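Novice: sharing a sequence plus its predicted fold:
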Amino acid sequence: MKLFSNFFSNFYWEIGLDLGSSNVKIYVKDRGVVVDEASMIARLKKKKNGIQKMLVFGQKAKEMVNREPKQIEVVAPIKRGAIADLVSAQALLAYFMKLINEIPSSYPKILKPRVIVGVPGTISNVQRRAFRAILAQVGVPKVIMVESSILGILGSGFKMDESGGVLFLDIGGGKTEASLVSMGGVVISRGLEMGGDDFDESIVGYVRMKYGIFIGKNTAERVKIEMGGVIRGRDLETNLPKSIRLRAEEINEATALNVKRIVNLVKIVLDEMPTEMTDDVLKRGVLMSGGGSQFPGIDTLIEEEVKINASVLPSPAFGVVKGEGELLENKGWLERIKLVSNLS
């Protein structure tokens, strides 16, 4: 039976899908990460015959933000870790699935793909159905949903057979989740509808209030990553272009409330933590992943506030999709997670 199953697996793709608020990442078994694109799409504002034409996808669409012609709009169909626009999300995913189907293969992929999707631990039934609906529309009838915190821990190098608990903090583009995970299952999960994108918006608001200059989110993201630098925007008083230099101290001041909310989320999970897991968490500390965890100094502030070591995992933005890869390459782990998860 196993030999039969292995033979037929040559005729379909096995895929790990990380539908993030900021980026879509896709892992294909035996190929690694083949897609890492912005979760954005440019489309015509006006519908024709009730249909809205989609024009540009991914990173190219993101580069159009605040530069698009008046008849075009750029939207993010995935917000706060959930589907915000079903039609656009379906079009975006269909585009990426088309790219995967064009990958050369020794065997024709004539069967439907098998897909693992990372989802927030706080996902609702309605949001779960939305994920299944858009995947069904692009030709994926069967989906295995796994909590992002479990995938992130696997992607960081932890093995399923390791005992003890792990406190995992995932700071994504539109959501932040703190979870206690043990033996492939989530013990506690608490989330915030806030992430790296909100850091960008805080910087936009700070520059507008302090300097009277309006800047775009892409500019705010750049100075956040670089922790300062020269920014160019529109002077709200004269409506003329203007340049200023933003310092690292100002970036920290602009984002202080965002960081504080994340620290408080970690404290909430620690307050609810079972006593038996205290020793595990003290030994391993807070493991941080997600693109937002790379914000300089956030790990140090968590350490100062909760008195527990906090460390950012290697390649934090790829933690979830790498975890999906681990499950695709190790079917025994996948079966074990399906037993303890109610999302499969």
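Specialist: Yep, it's here. Numbering: from 1, shown residues only.

Novice: what about this protein, any weak spots by pLDDT?
Specialist: 1-10, 107-109, 160-164, 337-344 (pLDDT under 70).

Novice: residue at max distance from the center of it?
Specialist: Taking CA atoms, centre = their mean, the residue of the chain most remote from its mean C-alpha position is T238, at 38.6 Å.

Novice: where's that residue relative to F214, distance?
Specialist: According to CB to CB, to the nearest Å, T238 stands 12 Å off from F214. To be clear about C-beta, it is placed using only N, CA and C from the backbone, and glycine gets the same treatment.

Novice: now swap in G332 and tell me
Specialist: In this view, G332 and F214 are 54 Å apart by CB to CB.

Novice: show me which of those two is the more surrounded one.
Specialist: F214 (16 against 10; other CB atoms under 10 Å).

Novice: dig out what that one forms beta bridges with.
Specialist: R234 (DSSP bridges).

Novice: list the contacts for it?
Specialist: By CB atoms under 8 Å, 6 or more residues apart in numbering, the residues touching F214 are 204, 207-208, 233-234, 236.

Novice: then A76?
Specialist: 21, 39-40, 84.

Novice: let's see it at 10 Å
Specialist: 21-22, 38-41, 61-62, 65, 84-85, 88-89, 92, 173-174, 197 (CB atoms under 10 Å, 6 or more residues apart in numbering).

Novice: among the residues you listed, which lie within helices?
Specialist: Within those, residues falling in helices by DSSP state H are 61-62, 88-89, 92, 197.

Novice: PyMOL command for the buried members of the residues you listed?
Specialist: Per 16 or more other CB atoms under 10 Å, the buried members of those correspond to this PyMOL selection:
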select buried, resi 61+62+88+89+92+197
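
Novice: tell me the one of the ones in helices among the contacts of A76 nearest T300?
Specialist: D197 (22.5 Å; CB to CB).

Novice: other SSEs contacting the helix or strand hosting K224?
Specialist: In the assignment (DSSP states H and E), K224 maps to helix 217-226. Packing partners of helix 217-226 (3 or more CB pairs under 10 Å, 6 or more residues apart in numbering; DSSP states H and E): helix 59-62, helix 196-211, strand 229-235, strand 241-246, helix 248-254.

Novice: how about the strands of the stretch 1-150 of the chain, start to end?
Specialist: For the stretch 1-150 of the chain, the strands defined by DSSP state E, counting those that start in this stretch cover 14-19, 23-28, 32-38, 41-44, 54-57, 72-75, 78-79, 82-83, 114-119, 143-147.
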